[in-house]
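Just to be clear, the model below is a prediction. Sequence and coordinates:
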Amino acid sequence: MAGRQQVYSVCGMCSVRCPIMVEVEDGKAVRIEGNPKSPLKGSLCPRGAAGIALEMDTERPQRPLIRVGERGEGKWREATWDEALDYVAGKLKAITAEHGGRSVQWSDRGGPFVDLHQAFMRGLGSPNYCNHDSACARNVQHAAKSVMGIGRKEVVYDYRNCKHLVLQTRNILEAINVAEANAVLDGLEKGCKLSVVDIRATYTAGKADNFYMVRPGSDLAFNLAVIHVLINEGLYNKPYVEAHVQDLDALAAHVAACTPQWAEGETGVPAAAITALARQLAEAAPGVIWHPGWMVARYDDSFHVCRTAYIINALLGSIGAKGGLPIANKPGDVGRKGLKKLVDLYPAPEEKRADGVGWRHTQFDGGPGLINLAYDAMATGDPYPVKAYICYRHDPLMAMPDAEAMKRKWEGLDLLVSVTFSWSDTAWHSDVVLPLSTYLSRESIIASKGGLKPQFFVRKRAMQPTLDTRADWEILCGLASRLGMDKLAFQRIEDIWDYQLQGTGVTMADFDAKGFVELCDAPKYREDAELKFPTASGKLEIISPKWTKAGEPSLRPYAAPPAPPQGMFRIAFGRSALHTQGHTVNNPLLAEQMPTNVAWINTARAAELGIADGEMLEVLDARGVAAGSMRAFVTDFVHPEALFMVHGFGHRLPVESRARGKGVADQELMPGGLERYDRAGGGISMQEHFVAVRKAAARA
Amino acid sequence: MSTYCIVTDERRCISCKACEIHCKVKNAMPVGIKLGEHFTEGPLPSASGAPLFRTLYMPCFHCEEPECVDVCPTGAMTKREADGIVYVEADDCIGCGACLEACPWHIPQWNEDGDKAVKCDLCMDRIDTGLKPACVTGCTTHALILTGQDDPRYAEQRKRAPQRALAER
């Protein structure tokens, strides 16, 4: 590849997968911008801008590694790809011969390329495909299903046409999807009002017309009071509710006592402000989006917080409406055929899932399961032995609480494999590390994206790998070939793409112009009369029969979160635009920008504890065990009960020179946290933990 | 009047620092050197109760009468006649550092790699092919605007620009 080229591709620095254009000079990527032919028009977040530093970084697994010491000891032997794939395939053969295909577990971080992963698991005969989502958006996904009968991504957030946007558990300008951030700002320029409900002043809150700093864990009270006002003042959209909402009476009864005055006592937000918000929303309806959240693995009632968000949208008639949450179109909705699925190469396994999802826990989605519950099967053999675990681009030891408890549950595994483009705590603890090429030096299968204008998009290889790494399809098809899974043993990515495009009327050449192919010309909105929801009643459901059957109430009475014990704080965590969880902290360009995290502490609490801004603090879990040291950021703009930090720091691996020893890891402050999850929604309750601080110097 | 400047639209800026990184990648600057620097002040209290953040991305202002050019003993610091872009002719730079001190904001930085001064040239190679500077094109939220120095935001942002730290020599 001599000379200068431009390659349309897909970013891989986080899970959003923004469209990009990579400038390549003499076979080497030199600059990346947002795909200028996409709505990004060149814009790309700092992580995306720093992608080449990832490719050029040698502080990542450089070739396949097979463990020779104890798990986590960091003793490896280097292997060739043939040797490593033979080794993994040999282990998988032995394990499945003894325990069956079901004894293999998979986890990844979800997204548009998982068809290949699911096909691999089906080929093995295992039902145990999971993604990371119990530590992310499961509560909102299940809330969406419980109200609308469809998943959270089956509605679109129509920010550009919205008149009032409410962001709750969605820090949209720091946990960035570039297209979405631009759509929100475009909407604000057109006069959309923004209300932000949070425990601290984010950059998102900096754009707000209304900012409500709520007591941590009291969001449900806030939402119930808004519903109270909408119903009691008759502000809801009556024709819409009459046509599309089931069991309004039950909702009215449930919120009868949830007055704004009551909510003021729970949330700390003045009653008049809550009433005013409800009235503003009614004026803007149906052009309202009450965002139901994204990373909502936070509290024991987060499912109900998300659920009430959908209910408020329903009361305002915004579900399905332009400027609200219109229904996303799939290829079939615009008269096109979807991609042919790789997963259909093999029959669906008849086995029950090891995590109990779908049979023991009937309200939850079988698709991605709940990975934390699969670990119980590894530990106990109930419902059956799970002996092999493949973590693909997933670092559960950093993503979920209580790494030590997780490692104990994994002790009985005969094989733990990490497929990863960076070092991670999980890779370090694995038996085999299979280094994945970065998104700049690998292709991916074609992906399909629903929306007002559904599309196919594809990641192309912009340059050859600088280290001895391989693409996901090269690794999985290589294993498939060794395991006798011939149908999945593709030799060339072009063969996979051709398989996927069969019958779609799209060819690979169609991607050349823009890197993506739109399946219709104009955004398609549906008329009110076209709205039908795949719930039991065909309507939006206040009471979900599926949840009732599982023994979970659809309307949960509010239970106030306990206050932190004397001198302690509730742990809270979030995101920065500069890092994606833990896997960018060692990137040279991003480490330069943000090498560490700080502890946000309210000014009054800091004064009480004699802590000055910038002072070095140790942060201790509820047992009094210190997780590390970080500087205090003292501000009025964080709730007094909370101690907030950006997630992803506090790395300990010796192979990451820039990340090691910087900042504190919130997940280390959650002892026993792997067992604490929202029973109704399936999300882990990561902010149900208290922490203490002491001056770092006082320890000596 | 010099033709170009970059201004920050505070309504759109989200303090993500993508500007700095797009600049560094395009200009292949090592860790430690930023040709443009983004500043955020806040959270500050405001009348509405929402936090206020003041933001500014500060590449070179490409002054009408650049002090860095005046003090350069070799003429390496150059003001391009056609459009007023101020840039370093690297071959002529002897690394004396006079420009670093002379600039009221310390825009020129010291690059150990080559022992020369480096500074924002508005990505003039891009400008010359009809493109915008890398920071402007890449800005996450299209908050950076390539505009003329007669834009009233230019004077306002120049006035509130903080002085940058001098790179180590």
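Perfect, I can see it now.

Point out where chain B drops to low pLDDT.
For chain B, the stretches flagged by pLDDT under 70 are B:1, B:167-169.

mind listing the helices for it?
B:18-26, B:67-71, B:98-102, B:124-127, B:134-138, B:152-159 (DSSP state H).

possible to save those as CSV with distance to chain A and mean neighbour count?
No exception for glycine: its C-beta is placed from N, CA and C like everyone else's. Compiled in CSV, the helices of chain B are given as follows (distance: least, Cβ to the nearest Cβ, whole Å; neighbours: other Cβ atoms under 10 Å in any protein chain shown):
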stretch, distance to chain A, mean neighbour count
helix B:18-26, 4, 27
helix B:67-71, 25, 17
helix B:98-102, 20, 19
helix B:124-127, 10, 15
helix B:134-138, 4, 26
helix B:152-159, 16, 14
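
dump the residue contacts of the one residue sitting closest to the centre of chain B.
Nearest to the mean C-alpha position of chain B, by Cα atoms, centre = their mean, lies residue B:59 at 1.1 Å. By Cβ atoms under 8 Å, 6 or more residues apart in numbering or on different chains, residue B:59 lies in contact with B:6, B:23, B:35-36, B:107, B:120, B:122, B:133, B:135.

What separation do you get for the nearest residue to residue A:120 once chain neighbours are set aside and residue A:436?
Counting by Cβ to Cβ, 6 or more residues apart in numbering or on different chains, residue A:476 is the residue found nearest to residue A:120 once chain neighbours are left out, at 4.9 Å. Distance, residue A:476 to residue A:436, using Cβ to Cβ, to the nearest Å: 11 Å.

do residue B:145 as well
In terms of Cβ to Cβ, residue B:145 sits 39 Å off from residue A:436.

Which one's more surrounded, these two?
Using other Cβ atoms under 10 Å in any protein chain shown as the criterion, residue B:145 and residue A:436 rank with residue A:436 on top: 25 against 16.

Contact partners for the closest residue to the more buried one other than its chain neighbours?
Using Cβ to Cβ, 6+ apart and skipping residues adjacent in sequence, the residue nearest residue A:436 is residue A:421, 4.4 Å away. With contact taken as Cβ under 8 Å, 6+ apart, residue A:421 is in contact with A:12, A:54, A:60, A:393, A:435-439, A:469.

try residue A:328
Here residue A:328 is in contact with A:153-156, A:450-452, A:454 (criterion: Cβ under 8 Å, 6+ apart).

Also residue A:167?
A:194-198, A:204, A:291.

Within range of chain A, give me the residues from chain B.
Contact residues (Cβ under 8 Å from any Cβ of the partner chain) of chain B with chain A: B:11-12, B:14-18, B:20-22, B:24-26, B:31-32, B:42-43, B:45, B:48-53, B:134, B:137-142.

so how far is residue A:466 from residue A:478?
From residue A:478 over to residue A:466 the distance is 20 Å, taken as Cβ to Cβ.

More neighbours: which of those two?
Per other Cβ under 10 Å, whichever of residue A:478 and residue A:466 has more neighbours is residue A:478, with 22 against 17.

State the mean pLDDT of the strand or helix carrying that one.
For residue A:478, the element it lies in under DSSP states H and E is helix A:472-482. What helix A:472-482 shows for mean pLDDT is 98.

Check the offset of that helix from the chain's centre.
Mean C-alpha position of helix A:472-482 versus that of the full chain (Cα atoms, centre = their mean, to the nearest Å) differs by 26 Å.

All the strands of chain B, in order from the start?
Under the criterion DSSP state E, chain B contains strands at B:4-8, B:37-44, B:52-58, B:77-79, B:86-88, B:109-111, B:116-118, B:144-148.

I should have written the stretch 351-500 of chain A there, sorry.
Under the criterion DSSP state E, counting those that start in this stretch, the stretch 351-500 of chain A contains strands at A:388-392, A:415-420, A:432-435, A:447-449, A:455-457.

picking that back up, can you put the contacts of residue A:167 in a markdown table and add secondary structure?
A markdown table is the format used below for the contacts of residue A:167 (DSSP: H, G, I helix; E, B strand; the rest coil):
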| residue | secondary structure |
| --- | --- |
| A:194 | strand |
| A:195 | strand |
| A:196 | strand |
| A:197 | strand |
| A:198 | strand |
| A:204 | coil |
| A:291 | coil |
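
Also near chain B: which of these, exactly?
Answer for these near chain B (Cβ under 8 Å from any Cβ): A:196, A:204.

Out of the contacts of residue A:167, which end up buried?
The neighbour-count criterion (16 or more other Cβ atoms under 10 Å in any protein chain shown) marks A:194-198, A:204, A:291 among the contacts of residue A:167 as buried.

sorry, back to before: out of the contacts of residue A:328, who's nearest residue A:384?
residue A:153 (31.6 Å; Cβ to Cβ).

where are the low-confidence patches of chain A?
A:1-2, A:698-700.

Kindly recompute the last result at 50.
A:699-700 (pLDDT under 50).

sorry, back to before: and the contacts of the helix holding residue A:478?
Against helix A:472-482 from outside (Cβ under 8 Å, 6+ apart): A:81, A:85-86, A:88-89, A:92, A:113, A:116-117, A:120, A:123, A:392, A:419, A:434, A:436, A:442-445, A:470, A:485-486, A:488-491, A:493, A:496.

Run the angle between that helix and strand A:388-392 for me.
Calculated by axes from the mean of the first three to the mean of the last three Cα atoms, to 10 degrees, helix A:472-482 forms an angle of 160 degrees with strand A:388-392.

Closest to the centroid, which residue in chain A?
Central residue of chain A (Cα atoms, centre = their mean): residue A:136, at 4.5 Å.

Can you tell me how far it is from chain B?
21 Å (Cβ to the nearest Cβ, to the nearest Å).

now swap in residue A:354 and tell me
40 Å.

list the contacts for that residue?
So residue A:354 contacts A:102, A:105, A:127-128, A:374, A:377, A:383-384, A:386 (Cβ under 8 Å, 6+ apart).

I'd like to know how many residues surround residue A:567.
Neighbour tally, residue A:567, other Cβ under 10 Å: 12.

next one: phi and psi at the residue nearest to it when sequence neighbours are not counted?
Excluding the flanking residues, the one nearest residue A:567 by Cβ to Cβ, 6+ apart is residue A:692, at 6.2 Å. Dihedral pair for residue A:692: phi -130, psi 160, per degrees, to the nearest 10.

Mind checking what secondary structure residue A:680 has?
Residue A:680 - assigned by three-state DSSP - is coil.

List the backbone torsions phi and psi for it.
phi -80, psi -30.

So it is in contact with residue A:305, correct?
No - contact criterion Cβ atoms under 8 Å: residue A:680 and residue A:305 do not qualify, at 10.9 Å.
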